[in-house]
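Participant: Please find the sequence and the predicted model below.
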Amino acid sequence: MSTKINEKYIQEFFGLEDTPSGKKELAEIKGKLKKQVYENGQDIIKIDDEPDGMYFLESGTANVLDRDLKQINIMHEGQYFGEYGVLSKEKRLSTVRSLGKTVCYKIEAGDMMEFISKYPDIYGRMMKKVYGEVSKKHSQILALSGMKRGILRHPSNDVPMSKTRMLLQYGGLLLVYALSYILIPRDTTFPIFVLPLALMLGYVMFTKRTIESLIVSIVYAALLVYRTDVSAGFTDAMMDTMGQKDNVFTVLVMVLMGGMINLIAASGAVTAFKKLVDKKAGSKKRTMFSAIWIMAVTSIDDGLNMLCASTSVHSAGKKNGIIREKLGLLFSMTPTVLSSFIPLSLWGIFVIGTLTASVKGNAVTEFAKSIPFNYFSIVVVISMFLVCMDKFPKIKELKDAEKRAKDKGVLYPAGSEKYLNVSEPEMWGKIYNIIIPIVVLAAASLIVRSVIAGSFVVDSACGLVIALIVMFIMYCAQGLMTPEQFTEHLIDGIAGSALPVILYLLTMCFSTLLDTLSLGEYFGEAVNSLKGLGPVLPALFFVASVLLTIALGSSWAMYAIAFPAVLHLAYSAGLSVPLCIGAVSGAGIAGEKICAFTADALNVGTAIGCNPEPICRIRIFYSIVISGIVTGLYIIAGFIM
């Protein structure tokens, strides 16, 4: 054996145990491996050839080429390729050409199939390895961006705090706590709920740390409510929040949804639409519309739908000459917007959860009624359709990018080099592995509890449980993963939901403490002073919520703060509640698109292979313009409704 493809490598790749039977399996595999040497420019495998075996690259480098002999990836020593063709019995999907002299170890297709039929447990381990490669793109996006949903990440926080700054910052915070305790009497009639709100806004703008800002503000609110028993009060407030039935339900749905999304990604289904797009998308327009269609059918999560669509249209986008800035605009604006129309999406579940504490009536019903009034999302969808048809007004940056592509044939801007290594997978998932779970989720959420209760009830938790059972049967029966691996992916997805869950619980706790500090009692007076502004209040709600989202860097944090205040005003002033909910819902998305420090542009840049800086500038410009149009629509709606 060799230095790279040695016994340890083979043992780890095939998941062989260090037991007598494992050593026997290892000896059989070693006996099947054949050393092969390729000179510069020699093809190791060719596109459309029958699969003759699987290859392990011992030394050297190889280019992966598409049908037009354009480089789509680079293989380095220690990597492997060709396994999908052997397992699926499909023709080669790309050409691998030696760059310089390369040495490979090959296992013939017949030997490989004979081996895995003799040791069927090896097949499951190999499929985990294969599908794990497909989901690397998802891991790359998360690793590069450091994004955590709903969490503001600012470049300044990448630098450790000095001792002096730490002393000033936290010493100042303790001083605020102490002065408030001494100077503010228990029986004050002053609207002291504004103090934790002011601290929250000021602290997050100063530190750019959302979670920390929520915690220090909750502690401050607990100090004002409980006085001497701050630690006990904080604990009691959090326990009360976690013990509320609606919050328990929302958290359960969020973690189960996180598990479902991770399982879909781990199954390889993120590439399920690629073959269809490569076959049908023969023009720029068709490629762009394919992306919207894929995002729409996978919009249970805005990260999942962006990943599925960007993976599927990557080759077609290059083939049809679509500039990356245009793709970046589409993928920056559309995923969350489409998720905002779906009550069963992770975004919808969070918003419905924050509405539950303040809305009169069923939160799901009120959310559904508000969808036609989410003008920002509606205008974005219309705008993106115009972008796909090349009918949308272009700013100078887009015009310059099109000129660059026309004159130089370069589809991406300067600085994109480190984002260009977007792998073309050697296998694709099956469309039904993503569509069936989503359909089951929707149907079970609407039907099961309704049949039991005898009336229409939406229960997304029940729908998720049934969808996960169906996924377990589907994925394990196909050999995509073993039951143990299914459980691992499910738990990983649940663990990945920890930060959104913490954010949700903290914001709900903060909202409850503000109510305890008589937040609601002051809205009557506020409404009286704003009665003359009644028709323009929805527009004011939208603008104020956009600004609050920009300040917080998080729509999810804004929703938990804004919805109670807005709904109090809406009910007291007799405004249309669905209109106001739609205004705040859309404002959260608009604010995140305008905020320069969300991870959105970096995620999109990584997904499509493009420098994220121009994507960010283009996204912010169009988001501001659309927000201005939407503000006018809310003014008109306020006078009509």
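Facilitator: Thanks, I have the structure now.
Participant: so after the helix or strand that contains Leu175, what's the next helix or strand?
Facilitator: If you go by DSSP states H and E, Leu175 is part of helix 163-183. Moving toward the C-terminus from helix 163-183, the next helix or strand (DSSP H and E) is helix 194-207.
Participant: Can you give me the buried ones in that next one?
Facilitator: Residues 195-197, 199-201, 203-204, 207 are the ones in helix 194-207 that count as buried (16 or more other CB atoms under 10 Å). In this view, the C-beta of every residue, glycine as well, is placed from N, C-alpha and C.
Participant: quick one: Glu58 and Ile5 touch, right?
Facilitator: Yes. Using CB atoms under 8 Å, Glu58 is in contact with Ile5, at 5.0 Å.
Participant: Now list whatever residues contact both of these two.
Facilitator: By CB atoms under 8 Å, 6 or more residues apart in numbering, Glu58 and Ile5 have these common neighbours: Tyr105.
Participant: So which residues of the stretch 501-641 of the chain form helices?
Facilitator: 523-530, 537-552, 555-573, 577-594, 600-608, 612-640 (DSSP state H, counting those that start in this stretch).
Participant: For Phe56, which three-state class applies?
Facilitator: Classification of Phe56 using DSSP: H, G, I helix; E, B strand; the rest coil returns strand.
Participant: With only the CA atoms kept, save stretch 608-628 in CSV.
Facilitator: The C-alpha trace of stretch 608-628 is given here as CSV (Å, rounded to 0.1, in the frame of the first residue of the first chain):
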residue,chain,number,x,y,z
ILE,A,608,-23.2,30.5,-6.2
GLY,A,609,-19.4,31.1,-6.2
CYS,A,610,-19.2,34.9,-6.1
ASN,A,611,-17.6,37.7,-4.0
PRO,A,612,-20.4,38.6,-1.5
GLU,A,613,-19.6,42.3,-1.4
PRO,A,614,-21.3,43.3,-4.6
ILE,A,615,-24.2,41.0,-3.8
CYS,A,616,-24.6,42.9,-0.5
ARG,A,617,-24.5,46.3,-2.2
ILE,A,618,-27.1,45.3,-4.8
ARG,A,619,-29.4,43.6,-2.3
ILE,A,620,-29.4,46.7,0.0
PHE,A,621,-30.1,49.1,-2.8
TYR,A,622,-33.1,47.2,-4.2
SER,A,623,-34.4,46.4,-0.6
ILE,A,624,-34.4,50.1,0.2
VAL,A,625,-36.3,51.0,-3.0
ILE,A,626,-38.8,48.2,-2.5
SER,A,627,-39.3,49.2,1.2
GLY,A,628,-40.1,52.8,0.0
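Participant: list the contacts for Arg286?
Facilitator: Each residue near Arg286 by CB under 8 Å, 6+ apart is listed here: Lys280.
Participant: which parts of stretch 376-389 are buried?
Facilitator: Buried positions in stretch 376-389, judged by neighbour count with 16+ other CB under 10 Å: 376-381, 383-384, 387-388.
Participant: my bad, should have said stretch 439-448
Facilitator: For stretch 439-448, burial by neighbour count (16+ other CB under 10 Å) applies to 440-442, 444-448.
Participant: Name the residues that touch it?
Facilitator: 260, 300, 344, 456, 458-460, 462-464, 466-467, 470.
Participant: just the residues you listed now: which is nearest Gly479?
Facilitator: Ranked by distance to Gly479 (CB to CB), those are led by Val470 at 16.6 Å.
Participant: Now the closest one: closest residue in space, sequence neighbours ignored.
Facilitator: Val440 (4.9 Å; CB to CB, 6 or more residues apart in numbering).
Participant: Keeping just the C-alphas, turn the host helix or strand of the one you found into CSV.
Facilitator: Taking DSSP H and E as the definition, Val440 sits inside helix 432-453. Output of helix 432-453 as CSV, limited to C-alpha atoms (Å, rounded to 0.1, in the frame of the first residue of the first chain):
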residue,chain,number,x,y,z
TYR,A,432,-39.2,12.2,-4.1
ASN,A,433,-36.9,12.1,-1.1
ILE,A,434,-37.6,15.8,-0.6
ILE,A,435,-41.1,16.3,-2.0
ILE,A,436,-42.8,13.4,-0.2
PRO,A,437,-41.7,14.4,3.3
ILE,A,438,-42.9,18.0,2.6
VAL,A,439,-46.2,16.8,1.3
VAL,A,440,-46.7,14.5,4.2
LEU,A,441,-45.8,17.3,6.6
ALA,A,442,-48.4,19.6,5.1
ALA,A,443,-51.1,17.0,4.8
ALA,A,444,-50.6,15.5,8.3
SER,A,445,-50.5,19.0,9.9
LEU,A,446,-53.9,19.8,8.4
ILE,A,447,-55.7,16.5,8.6
VAL,A,448,-54.7,14.4,11.6
ARG,A,449,-55.6,16.7,14.5
SER,A,450,-58.7,17.9,12.6
VAL,A,451,-60.0,14.4,12.3
ILE,A,452,-59.4,13.7,16.0
ALA,A,453,-61.0,17.0,17.1
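Participant: returning to that earlier point: among the contacts of stretch 439-448, find me the one that's closest to Leu505.
Facilitator: Looking across the contacts of stretch 439-448 and measuring by CB to CB, the closest to Leu505 is Ser460, at 18.3 Å.
Participant: Return the distance of the closest one relative to Lys46.
Facilitator: Taking CB to CB, to the nearest Å as the measure, Ser460 falls 48 Å from Lys46.
Participant: So if I had to pick from those two, which one is more boxed in?
Facilitator: Comparing Ser460 with Lys46 by other CB atoms under 10 Å, the one with more neighbours is Ser460, at 28 against 14.
Participant: need the contact list for the more buried one.
Facilitator: Ser460 sits in contact with 253, 343-344, 349, 441, 445, where contact means CB under 8 Å, 6+ apart.
Participant: Show the pLDDT at it.
Facilitator: If you check Ser460, the pLDDT there is 86.
Participant: Kindly provide the distance from it to Gly258.
Facilitator: 13 Å.
Participant: Any regions of the protein where pLDDT drops low?
Facilitator: Applying pLDDT under 70 to the chain flags the ranges 1-4, 71-72, 120-159, 417-428, 519-532, 551-553, 597-602.
Participant: which among the buried residues of stretch 439-448 gets closest to Glu613?
Facilitator: Leu441 (37.1 Å).
Participant: Can you tell me how far the nearest residue to Ala467 once chain neighbours are set aside is from Leu464?
Facilitator: In this structure, Ala467 finds its nearest non-sequential neighbour in Leu441, 4.1 Å apart by CB to CB, 6+ apart. According to CB to CB, Leu441 stands 6 Å off from Leu464.
Participant: Give me the common contacts of these two.
Facilitator: What both Leu441 and Leu464 touch, as defined by CB under 8 Å, 6+ apart, is the set Met260.
Participant: And the strands in this structure?
Facilitator: For the chain, applying DSSP state E gives strands covering 34-38, 43-45, 53-65, 71-76, 80-81, 95-108.
Participant: Next, find the distance separating Ala368 from Leu441.
Facilitator: In terms of CB to CB, Ala368 sits 17 Å off from Leu441.
Participant: Can you report how many residues lie near Lys208?
Facilitator: The burial count for Lys208: 19, using other CB under 10 Å.
Participant: now Phe115
Facilitator: Phe115: 17 neighbours (other CB under 10 Å).
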